[in-house]
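Novice: Generate a structure from the sequence data that follows.
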Amino acid sequence: MHIPVLLPEVLQYLAPRAGEAILDGTFGGGGYTRAILDAAPCTVWAMDRDPDAIARGAALVAAYPGRLHLIEGRFGDMMEHLAAHGVTQLDGVVLDLGVSSFQLDEPERGFSFRADGPLDMRMGRTGPSAADLVNTLPEAELADLIWEFGEERHSRRVARAIVKARAEEPFTTTLRLAETIRRSVPRDPSGIHGATRSFQALRIRVNDELGEIERALEQAMKLLAPGGRIVVVSFHSLEDRIVKRAFQKAAGRTPGASRHDPGSLLAPRAATGFELLTTRSVRPTAAESEANPRARSAHLRALLRKPESRAA
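Specialist: The predicted structure is shown next:
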């Protein structure tokens, strides 16, 4: 069952109003979209790169005639997709980053090693799969990928084990890869499975997730009307860091002047058209984390385009 994370907080900061146009850039199971449509008589443009998610949304479209429009595509290309439908301005944008519950729970998608499945991990079902990466990348490149996107301390040991195992037989399934990785790293005291970080790294690389986030935030700010809000829910430090820096930069929250650079003390802070609605990330309550374990690592950040500013 799909349970939207931080839903009351998302609605609080998104604050849907009558007549507004709002983008749910990560439709997934439709949890945020349904709640937005119920909160106010507004219009929602819901986007997802996964064709399965768009197909699941047909019933929701029928339930909200004329108010919900589904678009298959990457949220990093939101301006192009929305322009094709005549939409050039938005009053709100919500993004729920990372992999969806449906993708994790479907073994045939290859995102999880809880059950065996093909080593795929493609959200949009196009382009190179995770199997393509683990079976073809040079050992050094594979190690760098696992370190950069998975923050795995033992990335070189993992890459060495993968290269050795694929020489005997190419990887085609999630469980064989997960077991190969698990045997190559020390047991984590926290109890996390030894393959978790490496699987995260492969998924991020396969789907260019971090590049998508950067492009999406830049375009969302350009699309936002005066008074519009952006709300982003992320689930690991790499995602949250990108969101935090982008929002702080938009709001003019640059690092303070350096005492080693007297000239910087004279430079005025540039006026910006944005305001942080969350100076620190909003975290789920203990009750929500207990009821929905996937919420435990969630961070929510929100940004407002000032009412007096003009959209770019």
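Novice: Mind checking which residue lies nearest the centre of the chain?
Specialist: Nearest to the geometric centre of the chain sits Leu97, at 1.8 Å (CA atoms, centre = their mean).
Novice: Pretty sure it sits against Glu239.
Specialist: Yes. With contact defined as CB atoms under 8 Å, Leu97 counts as touching Glu239 (4.9 Å). C-betas here are computed from N, CA, C, even on glycine.
Novice: Could you pull out the residues contacting both of those two?
Specialist: 209, 213 (CB atoms under 8 Å, 6 or more residues apart in numbering).
Novice: re the thing from before, who touches the residue nearest to the centre of the chain in this structure?
Specialist: Contact analysis of Leu97 by CB under 8 Å, 6+ apart lists 26, 209, 213, 232-235, 239, 243.
Novice: What score does it have for pLDDT?
Specialist: If you check Leu97, the pLDDT there is 91.
Novice: Phi and psi next, for it.
Specialist: Dihedral pair for Leu97: phi -80, psi 160, per degrees, to the nearest 10.
Novice: Check the spacing between it and Ser234 real quick.
Specialist: Between Leu97 and Ser234 the distance is 5 Å, computed by CB to CB, to the nearest Å.
Novice: what about Val232, helix or strand, and which?
Specialist: Using DSSP states H and E, the element containing Val232 is strand 224-234.
Novice: Only the buried residues of that strand, if you could.
Specialist: Buried residues in strand 224-234, counted by 16 or more other CB atoms under 10 Å: 224-225, 227-234.
Novice: in the helix or strand just after it, what's buried?
Specialist: Using DSSP H and E, the helix or strand that follows strand 224-234 in sequence is helix 237-250. For helix 237-250, burial by neighbour count (16+ other CB under 10 Å) applies to 238-240, 242-244, 246-248, 250.
Novice: Helix 237-250 - contacts with which helices or strands?
Specialist: helix 209-223, strand 224-234, strand 274-276, strand 299-305 (3 or more CB pairs under 8 Å, 6 or more residues apart in numbering; DSSP states H and E).
Novice: Report pLDDT for Glu214.
Specialist: 96.
Novice: how about it, what does it touch?
Specialist: Neighbouring residues of Glu214 by CB under 8 Å, 6+ apart: 76, 242, 246.
Novice: any idea how far it is from Arg56?
Specialist: In terms of CB to CB, Glu214 sits 28 Å off from Arg56.
Novice: What is the neighbour count of Arg187?
Specialist: 10 (other CB atoms under 10 Å).
Novice: the domain parsing of the chain - what is it?
Specialist: According to automatic domain parsing, the chain comprises the domains 7-102+209-305, 109-207.
Novice: Listing partners with orientation, what would you give for the strand holding Val232?
Specialist: strand 90-96 (parallel), strand 299-305 (antiparallel) (DSSP bridges).
Novice: gap between the last one and the chain center?
Specialist: Between the centre of strand 299-305 and the centre of its chain there are 14 Å (CA atoms, centre = their mean, to the nearest Å).
Novice: which residues sit against it?
Specialist: Taking CB under 8 Å, 6+ apart as the rule, strand 299-305 contacts 6, 9-10, 13-14, 221, 224-235, 240, 243-244, 247, 250-251, 273-278, 281-283, 311.
Novice: And for stretch 290-298?
Specialist: Looking at what lies outside stretch 290-298 - CB under 8 Å, 6+ apart - the contacts are 3, 5-6, 101, 233-236, 283-284, 288-289.
Novice: Kindly recompute the last result at 7 Å.
Specialist: 3, 5-6, 101, 233, 235-236, 283-284, 288-289 (CB atoms under 7 Å, 6 or more residues apart in numbering).
Novice: Likewise for stretch 41-60?
Specialist: 16-28, 30, 33-34, 36-37, 67-75, 78, 81-82, 87, 102-103, 123-125.
Novice: list the buried ones in that stretch?
Specialist: Neighbour-count burial for stretch 41-60 [16+ other CB under 10 Å]: 42-50, 52-54, 56-57, 60.
Novice: for stretch 175-188, same thing?
Specialist: Buried-residue list, stretch 175-188, by 16+ other CB under 10 Å: 176-178, 180-182, 184-185.
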